[in-house]
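>>> let's see this in three dimensions:
(one chain, ligands or ions: 3)
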Amino acid sequence: MIGLSTVAEVRAAEDVLLARTREGALMQRAATGLATVCLRLLGRAPGARVTVLAGGGNNGGDALFAGARLAARGARVTAVLLAPDRAHPAGLAALRRAGGRVTGPDGPDGLDRADLVLDGIVGIGGRGGLRPDAARLADRAATGPGTTVAVDVPSGVDADTGAVEGAAFAAVHTVTFGAVKPGLVVGEGRGYAGTVHLVDIGLGPHLAPARAHQLTDDDVAAHLQPPGDVDDKYSRGVVGIVAGSATYPGAGVLCTGAALRTRPGLVRYAGTAAEGVRAAWPEAIVTAGRPGDAGRVQAWVVGPGTGTDDDARSVLAEVLATDLPVVVDADALTMAAREPDLVRRRAAPTVLTPHDREFERFGVAVGADRVGSARRLAADLGAVVLLKGSATVVADPGGTAFVNGTGTPEMATAGTGDVLSGILGALLATGTPAAETAAAAAHLHGRAGQVAAETGPLVAGDMVRRLSETVGRVRGTGLRDSGV
Ligand SMILES: NC(=O)C1=CN([C@@H]2O[C@H](COP(=O)(O)OP(=O)(O)OC[C@H]3O[C@@H](n4cnc5c(N)ncnc54)[C@H](OP(=O)(O)O)[C@@H]3O)[C@@H](O)[C@H]2O)[C@@H](O)CC1
Ligand SMILES: Nc1ncnc2c1ncn2[C@@H]1O[C@H](COP(=O)(O)OP(=O)(O)O)[C@@H](O)[C@H]1O
Ligand SMILES: [K+]
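Ligands and ions are numbered 1, 2, ... in the order given. This next block holds a predicted model:
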């Protein structure tokens, strides 16, 4: 699990560590890590052209020291000082000693010929959108030939939320220090950060436990354990699916298929798409009746493609009245937004899975702070909120959050949400805690999208078809030998 630490948490840990290390040591660790990544990206330093954009704070100091290291290795380094009178004195002196050139914001910056551009304009001390000089240079860097590397945080990105007000530095790589900040992996900031490299500067032991996390394949593998010798089809949890309709069976077929391919113990289906689901998935136990007719389950999924008429509303109420975990998706979200008390009065876990427009039906727009918005709705409803997006966010009522790191834009196609709710229902039926389980489902779903997109554009059914293989790849096992 990767902790995502806020600026306040990083600053607090830095204060403790700064008091215990000699002056400037942390910045040297940061600059060494930064220069190492840059050297790897450049391949070879001698002759390489590097432009360092340096603001007047410590972020500029990191960039200047790293520039000095690159210059010492033979790179031709130009530092552009955005606030020449406040540039980090020791960093600037080191750069000069190593043979780097220095200019002001309007000087010959070399951006049109650079191999690599370092963005040390502003880091976690930034406020608001970039100022005009900085915005102009960030824009030139983005359209120039150099590989763009952000120092700690892409300038102009809010490190806590990922919000971008106006211009920001578009990095292909971000080298961040001490801890990954949420703004690098969520919202607009994710798109500006590119690939994130974490440099250890010794902050770890002093950081408060993170309240937001990103799961790894290893974390998710723990949710995907194969059955053991004593397992039977019931023992791993049975999921019940209420999805699709007679006219639109697709959502029922996708959701049921995804559940089966995630944990193929037993999947029950109840609803008016029964005929289509039975034809597609003979492995499922299917009834055209109500949820109560389906047999015992350990979790429900309700909503994809069910419609929002009186019958659908009464089925939703029946499912929410159980003491089982429930995934509320799609049309069920529209109905739950009209009657949020159906969710609030539940004692068992509820996971709501809105995209932005469904989220807004609960009364507030998502806005630029996606983690904050998901947390607020989760607290209001006493439910886990899984807010879909290019980086899906999960929040629980207590404020614990997860930001998903897998997936591909190819997943922006109809029906992929139905696949997610099937995966999530299957995992929730095992009884694991709802928020982390929802994050694990989003992770697996994203990996299935990546696997299905390996050969070209995907449709939702491709994700279902490749799910078993994806589970195997996330488990990292392959075929077990018999031990004979
Ligand atoms: N602490 C440590 O031990 C370590 C810290 N480390 C590093 O320090 C960084 C934090 O440094 P920091 O606190 O000096 O702030 P920083 O990010 O440089 O920003 C302040 C500067 O930005 C400017 N500025 C602000 N907003 C702006 C805007 N919108 N557009 C343009 N400019 C703007 C602001 O100008 P001012 O408002 O003063 O006019 C001021 O000049 C951190 O991210 C990491 O890289 C590492 O070395 C590890 C050890
Ligand atoms: N640009 C993107 N990058 C990664 N994932 C995406 C992107 N766009 C959409 N997705 C994912 O695809 C799924 C779409 O779900 P949803 O909007 O409910 O679709 P549908 O209702 O058609 O099934 C979500 O899981 C979302 O996170
Ligand atoms: K920066």
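>>> checking the closest residue to ligand 2 within the chain next. Helix, strand or coil?
Using CB to the nearest ligand atom, the closest approach of the chain to ligand 2 is made by residue 417 at 2.1 Å. All C-beta spots, glycine's among them, are computed from the backbone N, C-alpha and C. With DSSP: H, G, I helix; E, B strand; the rest coil as the basis, residue 417 sits in helix.
>>> so who does residue 358 touch?
330, 333-334, 337 (CB atoms under 8 Å, 6 or more residues apart in numbering).
>>> if we use 7 Å, what do you get?
residue 333 (CB atoms under 7 Å, 6 or more residues apart in numbering).
>>> for residue 351, give me phi and psi.
Backbone geometry at residue 351, expressed as degrees, to the nearest 10, gives phi -120, psi 120.
>>> roughly how far does the residue of the chain closest to ligand 2 sit from residue 429?
To residue 429, residue 417 is 19 Å away according to CB to CB, to the nearest Å.
>>> who's more crowded, the two?
Using other CB atoms under 10 Å, the more surrounded residue of residue 417 and residue 429 is residue 429, with 27 against 24.
>>> the more buried one - nearest residue in space that isn't next to it in sequence?
Once flanking residues are discounted, residue 429 sits nearest to residue 237: 3.3 Å by CB to CB, 6 or more residues apart in numbering.
>>> quick check: phi and psi on the one you found?
For residue 237, the backbone dihedrals (degrees, to the nearest 10) come out as phi 100, psi 130.
>>> so which bits of the chain are right by ligand 1?
14, 18, 26-27, 30, 55-60, 62, 83, 121-131, 134, 151-152, 177, 201 (CB under 6 Å from any ligand atom).
>>> what subset of the residues you listed is buried?
Among these, those buried by neighbour count (16 or more other CB atoms under 10 Å) are 14, 26-27, 30, 55-60, 62, 83, 121-124, 126, 129-131, 134, 151-152, 177, 201.
>>> OK, contacts around the residue most central in space within the chain?
Per CA atoms, centre = their mean, the C-alpha nearest to the average position across the chain is that of residue 404, at 2.8 Å. Contacts here follow CB under 7 Å, 6+ apart; on that basis residue 404 touches 391-392, 439, 442-443, 446.
>>> residue 471 too?
Residue 471 sits next to 224, 262 when contact means CB under 7 Å, 6+ apart.
>>> CA-only coordinates of the helix or strand containing it, as CSV, when you get a sec.
Residue 471 is part of helix 467-475 when elements are defined by DSSP states H and E. Extracted C-alpha coordinates of helix 467-475, given in CSV (Å, rounded to 0.1, in the frame of the first residue of the first chain):
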residue,chain,number,x,y,z
LEU,A,467,-10.8,-11.1,-16.3
SER,A,468,-9.7,-14.6,-15.3
GLU,A,469,-6.4,-14.0,-16.9
THR,A,470,-6.1,-10.6,-15.2
VAL,A,471,-6.8,-12.2,-11.8
GLY,A,472,-4.0,-14.7,-12.5
ARG,A,473,-1.6,-11.9,-13.5
VAL,A,474,-2.4,-9.8,-10.5
ARG,A,475,-1.9,-12.8,-8.2
